[in-house]
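**Student:** could you look at this predicted model? Sequence included:
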Amino acid sequence: MSVMTGPGTLPGLAPSADRPCRRRTARPATPTATLTLSLALVLLVLGLGLSGCGSDTPASSPSATATATPKIENDVQVFDVVGTASLEFSPSTLTARPGKIRVNLTVPAGSAPHNFVIPEIPEARTSVASAGTSQSVTFTIDKPGSYSFLCTIHPNMHGTLTVS
């Protein structure tokens, strides 16, 4: 019995006269294995196909699109508004009656800084609130209408105040 050594061989694993080197041949797949593999592939394709279904619009938090009505404190209509990390106001639609309105803007930790501005009403403007802080603004609107508000740092961040 001889042992072959050299690059690419391991001692004791070389072919010998009493143990010839044989090639393994592929065994035919059993019907159960074929069915299992086919079923797994079908489920994978269906799963990938269904994961693409749905709306092309990104989901937003329910409160970001909800309409808020104010709480009343000493005859002032008060709205609590959050400037989110996803650059949205939450809520983004406010409904009030004519009169004195206060907006409490809160910017949570981890968010970019924001402010609240109604361009048509010069006194309806907060200072910039950094993450983890709040700013408030009080103003009066006597004329019913629809007033847009925005963050001047992020102009695509906007909402609507409806006074009726």
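**Tutor:** Cool, got the structure. Numbers count the residues shown, from 1 in each chain.
**Student:** what residues sit buried inside stretch 82-91?
**Tutor:** By 16 or more other CB atoms under 10 Å, the buried positions in stretch 82-91 come out as 82-84, 88-91. Every C-beta, even on glycine, is put in place using the N, C-alpha and C of the backbone.
**Student:** same question for stretch 141-157.
**Tutor:** Neighbour-count burial for stretch 141-157 [16+ other CB under 10 Å]: 141, 147, 149-151, 157.
**Student:** filter those residues down to just the ones in helices.
**Tutor:** Judged by DSSP state H, the buried residues of stretch 141-157 include no members of helices.
**Student:** contacting residues for Ser136?
**Tutor:** Going by CB atoms under 8 Å, 6 or more residues apart in numbering, Ser136 touches 102-105, 126.
**Student:** now do the same contact list for the nearest residue to Glu120 once chain neighbours are set aside.
**Tutor:** Distance criterion CB to CB, 6 or more residues apart in numbering; nearest residue to Glu120, sequence neighbours excluded, is Tyr147 at 5.8 Å. For Tyr147, the contact set (CB under 8 Å, 6+ apart) comprises 118, 120-121, 124, 141, 160-163.
**Student:** now Phe89
**Tutor:** Residues counted as contacts of Phe89 (CB under 8 Å, 6+ apart) are 64, 81-83, 116, 149, 151, 157-159.
**Student:** do a quick rundown of the helices in this protein.
**Tutor:** Assigned helices in the chain, in chain order: 31-51, 62-65 (criterion: DSSP H).
**Student:** show the average pLDDT along the longest one.
**Tutor:** It refers to helix 31-51. For helix 31-51, mean pLDDT rounds to 49.
**Student:** same question, stretch 137-150
**Tutor:** The average pLDDT within stretch 137-150 is 98.
**Student:** what about it, how long is it end to end?
**Tutor:** Using CA to CA, to the nearest Å, one end of stretch 137-150 lies 14 Å from the other.
**Student:** let's number from 33 now, not from 1
**Tutor:** Happy to do that; since the first residue is 33 now, the last one works out to stretch 169-182.
**Student:** sorry, back to before: tell me how far the residue nearest to Glu152 lies from Lys132.
**Tutor:** Counting by CB to CB, to the nearest Å, the gap from Tyr179 to Lys132 is 15 Å.
**Student:** low-confidence ranges, this structure, go.
**Tutor:** In the predicted model, the chain carries pLDDT under 70 at residues 33-97.
**Student:** what about the strands in this protein?
**Tutor:** For the chain, strands defined by DSSP state E occupy the ranges 99-100, 103-105, 108-115, 121-122, 125-128, 131-139, 165-173, 177-182, 190-195.
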